[in-house]
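> Fold the stuff below for me.
(chains A and B)
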Amino acid sequence: MINQTLDNLKLDLKEIIKDLGVEEDIDIFFEVPKDPSFGDYSVNVAMRLARVLRKAPLVIANEIISKIDLKKNNLSKVEVAGAGFINFFMDQGHLNDVIFQIIKENDKFGSSKIGEGKRINLEYVSANPTGFLHVGHARGAAYGDSMARILKKCGYDVTREYYVNDGGNQINNLANSIYERYKEQLGLDCNLLDDYYHGPEIITIAKDLVKLHGDKYLHEEWFDYFRDYGVKYLLNNLKEVLVEFGVDFDVWFSEKSLYDSGAVKATIDKLVNDGDTYTKEGAIWLKTEARGDEKDRVIVKSDSTLTYLTPDIAYHSNKLARGYDTIIDVLGADHHGYIDRLKAAIFYMGYDPDKLIVEILQMVRVLQNGEEIKMSKRSGKAITLKDLIDEAGVDALRYMFSSKALSSHMDLDLDLIVKQTNENPVYYVQYAYARICSLFRNMEANNLEFRESTSLDKVDEVIKELVGLLLQYPKVIEEAATKRLPHKIASYAYNLAGAFHSFYNDNKIIGEDLEKTNELLTVSRAVGIVLKDALSLIGVGIKEKM
RNA sequence: GCGCCAGUAGCUCAACUGGAUAGAGCGUUUGGCUACGGACCAAAAGGCUGUGGGUUCAAGUCCUAUCUGGCGUACCA
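Numbering: from 1, shown residues only, chains lettered A, B, ... in the order given. Purely as a prediction, here's the structure:
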């Protein structure tokens, strides 16, 4: 409703600007001012026209506002302020309609069609099944899952995908690692090489194998069995933990399947036949430097095994061949150097490299007792996601990860996150929701019947801030989706909760005047709906009682 | 050396096509329950946005130089 109003206002403004003699099409962008005394919406178009019209922004702004029809646009006031901003004050009754809209649309409020059904493949986590998930994976998981939910809400057709690296050399190392630990369990020497896996989970697997088979595999072929057993065990564990973390996938794509189907071989053949490669020192190189990479890359090593890149080219080709408009990879910062070569390869495979968007997540530094805990693959020392969930809870963790931009190098303080106190903002938001639920429980307990109000005349003055925030929700979601910044949702939820806490403190909601009570409750209900929806977008649950 | 990311309050982080007085939480200080839930509210203190130049009506945001930190710079994955 408000969108319609703003669209109409935009058309009027464009008409006015045209009458001022501006030929070019100026895009008008409504901004919500930080300070409410600057109105509900503002526009900076006068400043931007200053150069074109060779006039002072203030003069232009005044010319524009003299031609605006207030009544037709549901405006109560328009004024010029600051360096030439035009501030719009909307008719409050008109703004209040958002409350009824929210209650009517419920969890559909804030949905949009800006995605136009475009198909997006979103790949995240994709951790190798060679150990348990740790903190870095958790950040990617939280981000990817939230993005998927947000994009869906905006009308994109999203496929959530996990690339299972069950085919490369690392899996052989896994099998060997398990075997060494297996021998160790049986009292023999254990020789873990540097690139083997040193985590405690490998010992667990070895113990299971001893329990199941005794020393049987000291005497017969063990490799394939150990490899498959390990992958299956770790993959199951990883899926379980992710589900507990609220993160799910539509497609688990096996790397191995690319070998089995011949896709990897076909990829190499195509690149070689198209002349995009050359042979040097016994290896086959892909000419990625010509496409913006730092240097050319090996796709077939001189010992005829493949690099990690090769099946990954086949994989990305496979994704693009499935017809997605966009494929998004969420990768750790340690893989950023990988982007150029992948895009180059995609080009050589005949696809548009611009269809691939790579989101890089910066490293998570884990602190305990004020000191950094270094993660090390070699020592196997790592904080697992499972540990974190057990200590801190899913909601606190999801909120923590979701509230920071992906590009920030974040610190995770273990001592802090385990404290279930007001030091963690997630409880502040959940508490606002629980308070709303409590209000309705109290109505029932007092044998009072809540009836949705159809007007909000009695509470006009005290709900302005809440209404203002609720109006912004659809825009916030849209921004989070198009800029791929889910932390916008987290901070929005926080602000809305804060506004509700103030509102709750300033107003006795359940009072003598039942009509007023119902109006305040109607607003509270709308706030509850939006809080719940916003939290759900970042994978955080709500609580009716805390 | 080169490349990517970052540097904002004591700490952890925000800041919407470049916009108005750079905002929150934690911590510190001070007030507020005969109260629908005090995991709350109201307020104070705390800043040359790493540093120097530039672009313009306007710069935390863009350009440039420089310093600091993380990551990368494999015929590893």
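> The closest residue to residue A:28 other than its chain neighbours and RNA strand B, how far apart?
Counting by Cβ to Cβ, 6 or more residues apart in numbering, the nearest residue to residue A:28 once its immediate chain neighbours are dropped is residue A:10, at 5.0 Å. The way it works is simple: take the backbone N, C-alpha and C, and place the C-beta from them, glycine included. Residue A:10 sits 12 Å away from RNA strand B, going by Cβ to the nearest atom of the strand, to the nearest Å.
> ok, how many other residues are close to residue A:10?
Neighbour count for residue A:10, taken as other Cβ atoms under 10 Å: 15.
> doesn't it fall inside a helix?
Yes: looking at residue A:10 with DSSP: H, G, I helix; E, B strand; the rest coil, it is inside a helix.
> which non-adjacent residue is nearest residue A:343?
With Cβ to Cβ, 6+ apart, the residue lying closest to residue A:343 is residue A:353, at 3.9 Å.
> now swap in residue A:270 and tell me
residue A:349 (6.8 Å).
> What spatial separation is found between the one you found and residue A:369?
50 Å (Cβ to Cβ, to the nearest Å).
> out of these two, which sits in the busier spot?
residue A:349 (20 against 8).
> Could you tell me which residues make contact with that one?
A:267, A:270-271, A:313, A:316-317, A:320 (Cβ atoms under 8 Å, 6 or more residues apart in numbering).
> Kindly report the same for residue A:189.
Taking Cβ under 8 Å, 6+ apart as the test, what residue A:189 contacts is residue A:183.
> can you give me phi and psi for it?
Note on residue A:189: its backbone torsions stand at phi -70, psi 140 [degrees, to the nearest 10].
> What is the neighbour count of the residue in the stretch 151-300 of chain A that RNA strand B sits nearest to?
In the stretch 151-300 of chain A, no residue comes nearer to RNA strand B than residue A:281, which is 2.8 Å away by Cβ to the nearest atom of the strand. Number of residues near residue A:281 (other Cβ under 10 Å) recorded here: 8.
> Check residue A:169 too.
Residue A:169 has 13 nearby residues by other Cβ under 10 Å.
> wait, it sits on residue A:307?
No: using Cβ atoms under 8 Å, residue A:169 makes no contact with residue A:307, being 9.4 Å away.
> The longest helix seen in chain A - contacts with which helices or strands?
Of all the segments of type helix in chain A, defined by DSSP state H, the longest one is helix A:514-537. Judged by 3 or more Cβ pairs under 8 Å, 6 or more residues apart in numbering; DSSP states H and E, the packing partners of helix A:514-537 are helix A:92-105, helix A:135-153, helix A:425-445, helix A:464-482, helix A:487-506.
> that older thread, was I right about the residue of the stretch 151-300 of chain A closest to RNA strand B contacting residue A:301?
No: using Cβ under 8 Å, residue A:281 is not in contact with residue A:301, being 10.0 Å away.
> circling back: between the contacts of residue A:349, which sits nearest residue A:201?
residue A:316 (29.6 Å; Cβ to Cβ).
> Spit out the contact partners of the closest one.
A:327, A:342, A:345-346, A:349, A:351, A:356.
> For those residues, which single residue is the most surrounded?
Of those, with other Cβ under 10 Å as the count, residue A:345 tops at 28 neighbours.
> what's the spacing between that one and RNA strand B?
Going from residue A:345 to RNA strand B by Cβ to the nearest atom of the strand gives 12 Å.
> Mind telling me what element that residue is part of?
helix A:339-348 (DSSP states H and E).
> Quick check: mean pLDDT of that helix?
For helix A:339-348, mean pLDDT is 96.
> Could you list the buried residues of that helix?
The neighbour-count criterion (16 or more other Cβ atoms under 10 Å) identifies A:339-348 as the buried residues of helix A:339-348.
> Would you mind listing what in the stretch 1-150 of chain A touches RNA strand B?
A:27, A:29, A:31-35, A:37-39, A:42, A:44, A:47-48, A:50-51, A:57, A:81-85, A:87, A:128 (Cβ under 7 Å from any atom of the strand).
> among those, which ones are buried?
A:32-33, A:38-39, A:42, A:44, A:47-48, A:50, A:57, A:81, A:84-85, A:87, A:128.
> Can you give me the domain assignment for chain A?
Using automatic domain parsing, the domain ranges for chain A come out as A:2-90, A:423-537.
> Tell me which of those approaches residue A:249 most closely.
domain A:423-537 (17.3 Å).
> show me the contacts for the residue located most distally from the centre of chain A.
The centre of chain A is farthest from one residue, residue A:219, which by Cα atoms, centre = their mean lies 49.6 Å away. Neighbouring residues of residue A:219 by Cβ under 8 Å, 6+ apart: there are none.
> pLDDT value on it, please?
For residue A:219, pLDDT reads 94.
> next one: residue A:466
94.
> so it sits right up against residue A:525, yeah?
No: using Cβ under 8 Å, residue A:466 is not in contact with residue A:525; the gap is 11.6 Å.
> okay, these two: which has more neighbours?
Comparing residue A:466 with residue A:525 by other Cβ under 10 Å, the one with more neighbours is residue A:466, at 22 against 19.
> which residues sit in contact with the residue lying closest to that one once chain neighbours are set aside?
Distances taken as Cβ to Cβ, 6+ apart put residue A:499 closest to residue A:466, at 5.3 Å, once the chain neighbours are dropped. Neighbour list for residue A:499: A:465-466, A:469 [criterion: Cβ under 8 Å, 6+ apart].
> circling back: just give me the neighbour total for the residue nearest to residue A:343.
Close neighbours of residue A:353, defined as other Cβ under 10 Å, add up to 19.
> Please report how far it lies from residue A:285.
19 Å.
> swap in residue A:535?
Residue A:535 is 50 Å from residue A:285, by Cβ to Cβ.
> For those two, indicate the residue with more neighbours.
residue A:535 (24 against 18).
> From what I see, that one and residue A:543 are in contact.
No: Residue A:535 is not in contact with residue A:543 according to Cβ under 8 Å; the separation is 10.0 Å.
> Need the overlap of contacts for the two.
A:430, A:433.
> hang on, the earlier thing: can you lay out the contacts of residue A:499 as TSV showing distance to residue A:403?
Shown next, in TSV, are the contacts of residue A:499 (distance: Cβ to Cβ, whole Å):
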residue	distance to residue A:403
A:465	21
A:466	21
A:469	17
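> of all those residues, which comes closest to RNA strand B?
residue A:465 (9.3 Å).
> Leaving out the residues flanking it, which one is nearest to that closest one?
The nearest residue in space to residue A:465 (Cβ to Cβ, 6+ apart) is residue A:499, at 5.0 Å.
> Mind pulling up the pLDDT for the one you found?
Predicted confidence (pLDDT) for residue A:499: 94.
> distance of it from residue A:428?
From residue A:499 to residue A:428 the distance is 12 Å (Cβ to Cβ).
> Residue A:216 too?
57 Å.
> what's the answer for residue A:300, then?
Taking Cβ to Cβ, one finds residue A:300 at 55 Å from residue A:428.
> and residue A:314, how many neighbours does it have?
The local packing of residue A:314 (other Cβ under 10 Å) involves 25 other residues.
> try residue A:166
Counted with other Cβ under 10 Å, residue A:166 comes out at 24.
> Quick check, it in contact with residue A:253.
No: the pair residue A:166 / residue A:253 is not scored as a contact, 10.0 Å apart, by Cβ under 8 Å.
> So residue A:328, which state does it fall into?
strand.
> Specify the beta-bridge partners of it.
residue A:122, residue A:357 (DSSP bridges).
> check which helix or strand covers residue A:87.
Using DSSP H and E, residue A:87 sits within strand A:85-90.
> Against which helices or strands is that strand packed?
Partner elements for strand A:85-90 (3+ Cβ pairs under 8 Å, 6+ apart): helix A:2-19, strand A:41-43, helix A:45-53, helix A:57-65, strand A:75-81.
> what sits against residue A:375?
Taking Cβ under 8 Å, 6+ apart, we find residue A:375 in contact with A:134-136, A:366, A:381-383.
> Would you show me how to pick out the buried ones of those residues in PyMOL?
Remark: buried members of these, expressed as a PyMOL selection using 16+ other Cβ under 10 Å:
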select buried, chain A and resi 134+135+136+366+382+383
